[in-house]
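I'd like to go over a predicted model; first the sequence, then the structure.
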Amino acid sequence: MTVHLHTQADLDDAITALVDNDPRLKPVLAVAGMPALRRREPGFAGLAAIVCGQQLSTTAAAAIWTRVSAAFDPFHHDALKAARADRLGRLGLSAAKIKSLKFIARELSAERLNLDVLAEEDADAAHATLTRLHGIGPWTADIYLLFCLGHGDAWPAGDLAIQEAMRIGLGLTSRPTVKEMQPLAEAWRPLRGAAAHLWWAYYHAVKKREGVIAGNAKAEARPPSPAARTPRPAKAPAARAATTSRSKAGKKAGPRK
């Protein structure tokens with residue numbers, strides 16, 4: 001049975017079930033807190049947005065996708081299939097991404113690909129369908145399944161943040177490889193997608209805590225500012241008076257010119 005994560009309540013229930021079934025996740029949830037559901041637009045637009053953002057910063061990806069989506073309103077695979085490559089290039093798309101998007105558009109137009117049915121398929125089968133498409137790698141396929149279709153068992157094994165989070169949270173000696181991530185997540189089927197949400201939240205919580213600790217340590221190690229340094233004690237009034245008297249006495253005892 002395929003579990004879907006369409007609402008925050010769906011994710012909350014899935015996380016609760018995961019923690020009940022795997023006690024190792026209880027301290028992970030305690031640190032991470034209940035993660036927020038993240039969703040994107042499904043269909044060709046959602047997949048195209050992920051392709052546009054491959055190997056780019058979040059800011060750059062958002063800027064390019066804004067231009068591309070605005071140029072095709074409504075955003076439909078037939079319109080992009082017919083678009084000239086030079087026009088797409090001027091919008092900021094690389095030649096490789098143009099080739100990928102046009103290939104996907106042709107597959108959809110010819111009805112050799114149906115993105116909607118992937119939500120009901122087994123996660124591994126849906127992953128295989130997507131990765132057979134030109135320009136769609138494992139990470140892109142899993143992100144589409146998880147965020148655009150809400151597939152509850154999609155497992156982005158190649159995501160570095162999840163790998164690092166599992167290294168810390170499970171006390172592993174090293175960050176697990178993609179191959180090692182598969183058996184590690186086997187116990188979480190059919191809710192591996194919910195587990196991915198939990199591990200992302202845990203990663204951000206740990207990094208935030210490490211940043212706070214590092215910031216506090218840096219502040220403690222910083223030498224005090226001149227204004228904060230302890231001033232030298234002033235001479236007491238009596239001492240000043242005695243010094244003044246000795247000074248005056250010395251002047252009187254000196255030889256006259």
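That came through fine. What you see is a predicted model, and the numbers here were worked out from it, not measured in a lab.

how many neighbours does residue 105 have?
Using other C-beta atoms under 10 Å, the number of residues around residue 105 comes to 21. Bear in mind the C-beta positions are built from the backbone N, C-alpha and C, glycine included.

so which strand or helix has it?
Remark: residue 105 resides in helix 95-109, with elements defined by DSSP states H and E.

from the contact counts, what lies against the helix or strand just after that helix?
Past helix 95-109, further along toward the C-terminus, the next helix or strand under DSSP H and E is helix 123-131. When contacts are defined as 3 or more C-beta pairs under 8 Å, 6 or more residues apart in numbering; DSSP states H and E, helix 123-131 packs onto helix 138-143.

which other helices and strands contact the helix it packs on?
In terms of contact count using 3+ C-beta pairs under 8 Å, 6+ apart, helix 138-143 is assigned the packing partners helix 43-52, helix 123-131.

show the pLDDT at the nearest residue to residue 170 once chain neighbours are set aside.
Once flanking residues are discounted, residue 170 sits nearest to residue 24: 6.4 Å by C-beta to C-beta, 6 or more residues apart in numbering. Confidence at residue 24, expressed as pLDDT, is 96.

I figured residue 24 hits residue 166, correct?
No: with contact taken as C-beta atoms under 8 Å, residue 24 and residue 166 are classed as non-touching, separated by 10.1 Å.

of the helices and strands packed on helix 138-143, which approaches residue 111 most closely?
The stretch from the helices and strands packed on helix 138-143 with the least distance to residue 111 (C-beta to C-beta) is helix 43-52; that distance is 12.9 Å.

can you give me the angle the closest one makes with helix 95-109?
Using axes from the mean of the first three to the mean of the last three C-alpha atoms, to 10 degrees, one finds that helix 43-52 and helix 95-109 are set 160 degrees apart in direction.

dump helix 43-52 to CSV, restricted to CA.
Coordinates of each C-alpha in helix 43-52 appear next as CSV, following Å, rounded to 0.1, in the frame of the first residue of the first chain:
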residue,chain,number,x,y,z
GLY,A,43,3.1,17.4,-13.1
PHE,A,44,5.4,18.7,-15.8
ALA,A,45,5.8,22.1,-14.1
GLY,A,46,7.0,20.6,-10.9
LEU,A,47,9.5,18.3,-12.6
ALA,A,48,10.7,21.1,-14.9
ALA,A,49,11.3,23.3,-11.9
ILE,A,50,13.5,20.7,-10.3
VAL,A,51,15.5,20.2,-13.5
CYS,A,52,16.0,23.9,-13.9
